[in-house]
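**Q** Build me a model from this:
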Amino acid sequence: MTVLVNVIVMVGMLVVVPAGLRLTGLPELNRIGRLWPLFAVPGAVALRLPRSPAATAFALCYALGTVLLALHAPRRLIRTRDLSPGQVALLTALVTPAVAALALVAERAGHELFGFDLEILALTVPHFHFAGFAAALVA
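**A** Numbering: from 1, shown residues only. Prediction:
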């Protein structure tokens, strides 16, 4: 089961998020889209390693990229002041990979987070890539 979940997470990191960023057509996301592999590849490496400080460090690299992506949400909201359903869905999509990354860092470090055990954290990562990011963009 772990191998399947990790493959799904890697697809989310390496394919779904960059494809979603391109599909938005927003020029302000072009730079983070181009830089995304620099963050996603270490995140994928973190999944291949056993829980350890090294895996945590790689997961933190991915988390940095997701935080940079999430920071686009408040800037966009301030600039557009648009709270239409489509914009709220876009803002949600920009933030949800950071939630996935937080769960990934905790899980790779072997620490429970907010009372959730490691198995739930491992499932939170793909959930927030697909149900959070991709589904919000589709909405």
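**Q** Flag the shaky bits of this structure, pLDDT-wise.
**A** Across the chain, the ranges flagged by pLDDT under 70 are 1.
**Q** Work out which residue lies at the spatial centre of it.
**A** The C-alpha lying nearest the average C-alpha coordinate of the chain belongs to residue 97 (C-alpha atoms, centre = their mean; 2.2 Å).
**Q** So the residue sitting furthest away from the middle of the chain versus residue 2, what's the distance?
**A** Residue distances from the centre of the chain (C-alpha atoms, centre = their mean) peak at residue 81, which lies 24.3 Å from the mean C-alpha position. If you measure residue 81 against residue 2 using C-beta to C-beta, to the nearest Å, the figure is 44 Å. Heads up, the C-betas are built off the backbone N, CA and C, glycines and all.
**Q** Kindly report the same for residue 109.
**A** Between residue 109 and residue 2 the distance, using C-beta to C-beta, works out to 16 Å.
**Q** How about residue 40, nearest residue that isn't a chain neighbour?
**A** Take residue 40 and drop its neighbours on the chain: the residue closest to it by C-beta to C-beta, 6 or more residues apart in numbering is residue 13, 4.3 Å away.
**Q** burial of the one you found, as a residue count?
**A** Residues lying near residue 13 (other C-beta atoms under 10 Å) number 30.
**Q** Next up, the contacts around it.
**A** 40, 43-44, 62, 129 (C-beta atoms under 8 Å, 6 or more residues apart in numbering).
**Q** Out of these, which comes closest to residue 73?
**A** Taking C-beta to C-beta as the measure, residue 129 is the one of the contacts of residue 13 closest to residue 73, at 16.3 Å.
**Q** which residues of this protein fall in strands?
**A** In order along the chain, the chain carries no strands (DSSP state E).
**Q** Report the buried residues of stretch 43-56.
**A** 43-47, 55-56 (16 or more other C-beta atoms under 10 Å).
**Q** Can you convert the residues you listed into CSV and add a column each for distance to residue 29?
**A** CSV is the format used below for the buried residues of stretch 43-56 (distance: C-beta to C-beta, whole Å):
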residue, distance to residue 29
43, 18
44, 21
45, 24
46, 24
47, 24
55, 28
56, 27
